[in-house]
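> got a predicted model here, sequence first, then my questions.
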Amino acid sequence: MSLASTSPARGKSGLMLSRLRRSLGNALDKLSHEPVGMLGFLVLSLLVIVAIFAPLIAPYSPSTQNLEQALLPPSWAHWAGTDEFGRDILSRLIYGTRITIQTVLAVSLIVGPIGMLIGIVAGFAGGRTDAILMRFTDIVLSFPSLILALAFAAAIGAGLQTAIIAISLTGWPPIARLARAETLIVRNTDYVAAARLYGASPLRLLFLYIAPMCIPSVVVRLTLNMAGIILTAAALGFLGLGAQPPAPEWGAMISSGRRFMLDNWWVAVMPGIAILLTSLAFNLVGDTLRDILDPRHARS
Amino acid sequence: MIEVSNLSVSFGSGERRKQVVKGVSFQVAKGETLGIVGESGCGKSTVLRSLAGLDRHWEGEIRLNGQPVERVRSREHLTLAQMVFQDPYGSIHPRHRIERVLAEPARAMKTGEGWDRVAPALEQVGLPAAFAERFPHELSGGQRQRVAIARALMLEPEVLLLDEPTSALDVSVQAEVLNLLADLREERGLTYVLVSHDLAVIAHMCDRVLVMKDGLFVDELDKSDLARGETHHAYSKQLFEASYL
């Protein structure tokens, strides 16, 4: 076998596919050594599957009222009981995963790129650009997201979109600070110096050299943030500023269950358990992700 | 090939301004290997980084291949001289496969796709072409330094600036890398400027050595001086005696 024949031929999708499979295999291999992270991933995949197939899985409709069956305790017919309008709580929780995942994904997709772009540009450019961008970040960082969301809801009207925008508005500064810190380290390395020597343009340096080094920590941070996003979204729902009834938002469900807390505990506790499990899973996954994303990482 | 006249470099400003290189001049002929020795902090790496175009606050004049170069290099001037760094663990992007590491110079310079030149470049520095698929952390220190040398040669520079290219490697690998550098010099007629504090490396590689102390060259030794262990200045005598102990 000649050496040349094993050298890479570009543009072949087969090559890309085999690389993808190899890195995916590596990731799964590493994941199998992290039982706790594995659990987190399992819970999350279960959540995604439930969200996608909600109409098939849910035993009842999430919004049809049946006042004869109001406030039934958990039983074989209603595993999580029913609420004050006789709606099956389990079905509402199952449909609620859709709202939760939608919120988390939307916020992460808005916050991640914006935060990272601001961070790496500030860190890379330095000087006045850095000062302006970072002071702006500090200003936004000082807004409490819940209060901003309240103001927002008052201005545009309550709803899921308002909640997503409000959480995103105050969510990017930590990401920007993180990306800037990473960039400050990376921009002084020898490989960036070498790239400058062979004429790499600033844009090339930013996107091909510096951004790839920031992505792992940003992804980890985003994943850990997701738990916070769920809690903030639930808090907004609880205050009546998130998704509006009859949408089965978990926070709003707790809010309505609060009134029956003493006599009918399941109305508030069941969505509480759902929120707890989901944020816990996101936290576990975030912790594990760092180990998997970094090809240099070796667990001692 | 290289003409430097009255090069000085200072860092900081005002009262904390510190002149690191104090108006040095030297020439390097085509195909020659010039060594610069001196203790840590004497300014030898700064001279090299100014030559490469990494340090941009030098004063004086630098001519590469007869052309005076600016502080901020144009792309054409960048291709005249490339640099090999001291630490092979820090000079290669940890998330780029070797093929990308080697294709990047041509791609960044917009002189072509660069992928087809990866395999010949690897073979030239004595590595199998299959290494193109690997990440840097899957290579040993010596192999990485070979990749770094291959990368520096991708733009076909006539001058290679070597900043202690072997000091991060163990002794047996050092010899291999030095021999590779000597072979490449012969094949391609390269001009080297080698900065080191390892006198054995300098004596093995260089035609001429400049001894640097506190930002100035205090002594110049040619090949026969090195062979006889002859020095012309008290400081270089001290330096050589210390290393032969």
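All right, it came through fine.
> residue nearest the centroid of the chain?
Picking chain A for this. Centroid-nearest residue in chain A: residue A:226, 3.6 Å away (criterion: Cα atoms, centre = their mean).
> can you look at chain B instead?
residue B:162 (1.5 Å).
> quick check: that one is in a strand.
Yes. Assessed by DSSP: H, G, I helix; E, B strand; the rest coil, residue B:162 belongs to a strand.
> how about it: what's its closest non-neighbour residue?
residue B:194 (4.5 Å; Cβ to Cβ, 6 or more residues apart in numbering or on different chains). Glycine gets a C-beta too; all of them are placed from N, C-alpha and C.
> so that neighbour belongs to a strand, correct?
Yes. Remark: residue B:194 belongs to a strand, assigned using three-state DSSP.
> count of neighbours near it?
Per other Cβ atoms under 10 Å in any protein chain shown, the neighbour tally for residue B:194 reads 27.
> can you show me the helices along chain A?
A:3-6, A:13-31, A:35-52, A:54-57, A:89-125, A:127-141, A:145-156, A:160-186, A:190-197, A:202-204, A:211-238, A:250-257, A:266-293 (DSSP state H).
> the residue nearest to the centre of chain A reaches residue A:108, doesn't it?
Yes. If you go by Cβ atoms under 8 Å, residue A:226 and residue A:108 touch, sitting 6.5 Å apart.
> tell me how many other residues crowd residue B:117.
Count around residue B:117 with other Cβ under 10 Å applied: 17.
> measure residue A:165 to residue A:241 for me?
As for residue A:165, its distance to residue A:241 is 12 Å (criterion: Cβ to Cβ, to the nearest Å).
> next: residue A:127.
For residue A:127 relative to residue A:241 (Cβ to Cβ), the value is 41 Å.
> these two: which is more packed in?
residue A:241 (25 against 8).
> in this structure that one contacts residue A:156, no?
No. Judged on Cβ under 8 Å, residue A:241 makes no contact with residue A:156 at a distance of 10.7 Å.
> so what sits against both of these two?
Common contacts of residue A:241 and residue A:156 (Cβ atoms under 8 Å, 6 or more residues apart in numbering or on different chains): residue A:162.
> and stretch B:163-173, which residues are buried?
Across stretch B:163-173, burial judged by 16 or more other Cβ atoms under 10 Å in any protein chain shown covers B:163, B:164, B:165, B:166, B:168, B:169, B:173.
> so that stretch, near chain A or not?
No. Residues of stretch B:163-173 are not located near chain A by Cβ under 8 Å from any Cβ of the partner chain, the shortest gap being 9.2 Å.
> show the average pLDDT along that stretch.
The average pLDDT for stretch B:163-173 rounds to 87.
> show me what that stretch is in contact with.
In contact with stretch B:163-173 (Cβ under 8 Å, 6+ apart) are residues B:45, B:48-49, B:83-89, B:140-142, B:145, B:149, B:174, B:177-178, B:181, B:194-198, B:201.
> ends of that stretch, what's the gap?
The first and final residues of stretch B:163-173 sit 17 Å from each other (Cα to Cα, to the nearest Å).
> residues making contact with stretch A:155-175?
Residues outside stretch A:155-175 that contact it (Cβ under 8 Å, 6+ apart) are A:99, A:102-103, A:106-107, A:110-112, A:114-116, A:118-119, A:137-138, A:140-141, A:143-145, A:148-149, A:152-153, A:218, A:221-222, A:225, A:229, A:232-233, A:236-237, A:240-244, A:247, A:249.
> is there a quick PyMOL command that grabs whichever of those are buried?
Buried residues among these (16+ other Cβ under 10 Å), as a PyMOL selection:
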select buried, chain A and resi 99+103+106+107+110+111+112+114+115+116+118+119+137+140+145+148+149+152+153+218+221+222+225+229+232+233+236+237+241+242+243+247+249
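> longest helix of chain B?
Looking across chain B with DSSP H, the single longest helix is helix B:171-188.
> got the residues of chain B near chain A?
Residues of chain B lying close to chain A (Cβ under 8 Å from any Cβ) are B:52-54, B:75, B:78-79, B:82-83, B:85-87, B:90-95, B:99, B:104-105, B:108-109, B:113, B:115, B:118-119, B:123, B:128-130, B:132-133, B:135, B:137, B:148, B:151-152, B:154-155.
> in helices, which of the residues you listed appear?
Going by DSSP H, the helices hold B:52, B:75, B:78, B:99, B:104-105, B:108, B:118-119, B:123, B:148, B:151-152 from these.
> just the buried residues of those residues.
Buried among these (16+ other Cβ under 10 Å): B:52, B:78, B:99, B:104, B:105, B:108, B:118, B:119, B:123, B:148, B:151, B:152.
> do I have it right that the last one meets residue B:160?
By that I understand residue B:152. Yes. Between residue B:152 and residue B:160 a contact is recorded at 6.0 Å, counting by Cβ under 8 Å.
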